[in-house]
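In: Show me the folded form of this:
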Amino acid sequence: MRNEVARLPRLLTSLANQVGGLPFTLCMFFDNCDDGSEQLVASWAERVPFTIVSDCCGSGGAPNAGAARRRAMTLCIDRVRADVLLTTDADSEPAGNWIAANLKALQLADIVAGRIIRADHRTPDVHDRICAYFDGLHAMRRTLDPVPWESAETHHWTSGASLAVTGEVYRDLGGFEAKESGEDAAFIDGAARAGYRVRRDAQVIVRTSSRRKGRARNGFADSLSAFDDGVLAPDMVHPADEAWRFRTQAVARMAFEARDMRPLPQLLGLPPAEVDEVAAACVNAEAFVARIVGAPPGGMRMLGLAHAEALLAGADQLAMAGAA
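Out: Numbers count the residues shown, from 1 in each chain. Below is the predicted model:
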């Protein structure tokens, strides 16, 4: 984290009030903080029902969300010897059952991505519509390509504001990349390609800020600001093209499990030898699906948000899948 002294009390309070979870240690990495964040956390250490372990960097330089998150996770592994790792952000507020809900979900999957809810008492904006659209797409994904580890109540988020993973899986994936932003999405993409089960569980909830000035360049706050200013045009991928991708993932999953790749070369537009080569390199169907299925043959069509919303809401999803 960097310079979050104003928001840290909410995070610490929410963690202090967790119910139903096991005892835990909070690992915090202070990335060039000069606003009293370290001193604030130290003052709370005596009055919270968990241990706090921290480290810091004071060498200067631009904020790097991936590097800071990686350093915090390293603290958990090297100094705490943690078997389960949960990560959130300093400007976030996990729900009261966040730890317990993550532990329950990890019994069914290797990685759990929580649902991110923005702060209450605000005016709805374009980003709310975009989130609703992506939630609809992900629900369609699990209708067309169901997997046993997914939550019945799911969502689209892949955010470091709420991720849970076992220490073994985290180490196997090599941890978070030291990226200015997007380290969370890169981690989950790598997990799917490695064959790990990612569960997006809407019962795992974290509330986060809607601020427009963030710490990480090209992070969530910058995206919100760009939508406000009209810099980012909210064009969405055509839902029929996403439906094609989800149906194709289901076909690829069944083909891998049956060890019968014959339906795939024509469907994917790939040589049979390439399909066989990818299959041979994959440990399971999830890895195969993540690696072999890309965009439909004509590419992904983009269209305006309002048009995309209307198509997703007004058309039968299964019929749409066959129309691409």
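In: Could you find the closest non-adjacent residue to the spatially most central residue of the chain?
Out: With distances taken as C-alpha atoms, centre = their mean, Thr158 lies nearest the centre of the chain, 1.4 Å away. Spatial nearest neighbour of Thr158, chain neighbours left out: Ile188 (4.7 Å); criterion: C-beta to C-beta, 6 or more residues apart in numbering. Just so you know, the C-beta spots here come from the backbone N, C-alpha and C atoms, and that holds for glycine as well.
In: Report the contact partners of that neighbour.
Out: The neighbours of Ile188, taking C-beta atoms under 8 Å, 6 or more residues apart in numbering as the test, are Ile111, Ala113, Thr158, Leu163, Val198.
In: Among those, which one lies nearest to Asp89?
Out: Closest to Asp89 out of the contacts of Ile188 is Leu163 (10.5 Å), distances taken as C-beta to C-beta.
In: wait, that closest one sits on Thr87?
Out: Yes - look at Leu163 against Thr87 with C-beta atoms under 8 Å: they come within range, at 5.1 Å.
In: These two - which one has more neighbours?
Out: Per other C-beta atoms under 10 Å, whichever of Leu163 and Thr87 has more neighbours is Leu163, with 28 against 21.
In: where does that one fall, phi/psi-wise?
Out: phi -130, psi 140 (degrees, to the nearest 10).
In: Look up how far Ser59 lies from it.
Out: 27 Å (C-beta to C-beta, to the nearest Å).
In: Strands of the stretch 201-324 of the chain, residue ranges please.
Out: 235-237, 302-304 (DSSP state E, counting those that start in this stretch).
In: highest average neighbour count across those?
Out: Most buried of those by mean neighbour count (mean count of other C-beta atoms under 10 Å) is strand 235-237; its value is a mean of 17.
In: per-residue confidence averaged over that strand?
Out: Averaged across strand 235-237, pLDDT comes to 93.
In: so how far is that strand from its chain's centroid?
Out: Relative to its chain's centre, strand 235-237 lies at 19 Å (C-alpha atoms, centre = their mean, to the nearest Å).
In: Next: stretch 4-23.
Out: That offset, for stretch 4-23, works out to 21 Å (C-alpha atoms, centre = their mean).
In: and Lys175, that's in a helix?
Out: Lys isn't right for residue 175; it's Gly. No - Gly175: not assigned to a helix; according to DSSP: H, G, I helix; E, B strand; the rest coil it is coil.
In: just to revisit the earlier point, the strands of the stretch 201-324 of the chain into JSON lines, with extra columns for distance to Asp125?
Out: Output for these, formatted as JSON lines (distance: least, C-beta to C-beta, whole Å):
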{"stretch": "strand 235-237", "distance to Asp125": "16"}
{"stretch": "strand 302-304", "distance to Asp125": "16"}
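In: I'd like to know which of these is closest to Pro271.
Out: With C-beta to C-beta as the criterion, Pro271 lies closest to strand 235-237 of the strands of the stretch 201-324 of the chain, at 26.5 Å.
In: what's next to the closest one, contact-wise?
Out: Ile130, Tyr133, Met300, Arg301, Met302, Leu303, Gly304, Leu305, Ala308.
In: so where do the helices sit in this protein?
Out: 8-16, 37-44, 65-78, 98-106, 126-144, 167-173, 183-193, 220-229, 239-258, 264-268, 272-280, 285-292, 305-314, 317-321 (DSSP state H).
In: mean confidence score for the fourth one?
Out: The average of the pLDDT scores along helix 98-106 is 97.
In: swap in the third one?
Out: Predicted confidence along helix 65-78 averages 93 (mean pLDDT).
In: How far does it sit from its chain's centre?
Out: That offset, for helix 65-78, works out to 17 Å (C-alpha atoms, centre = their mean).
In: Likewise for stretch 102-119?
Out: 9 Å.
In: And that stretch, end to end?
Out: 21 Å (C-alpha to C-alpha, to the nearest Å).
In: buried stuff in it?
Out: 102-106, 109-118 (16 or more other C-beta atoms under 10 Å).
In: wait, which of those is closest to Thr154?
Out: Arg115 (8.7 Å).
In: wouldn't that closest one be in contact with Val206 here?
Out: Yes - using C-beta under 8 Å, Arg115 is in contact with Val206, at 7.4 Å.
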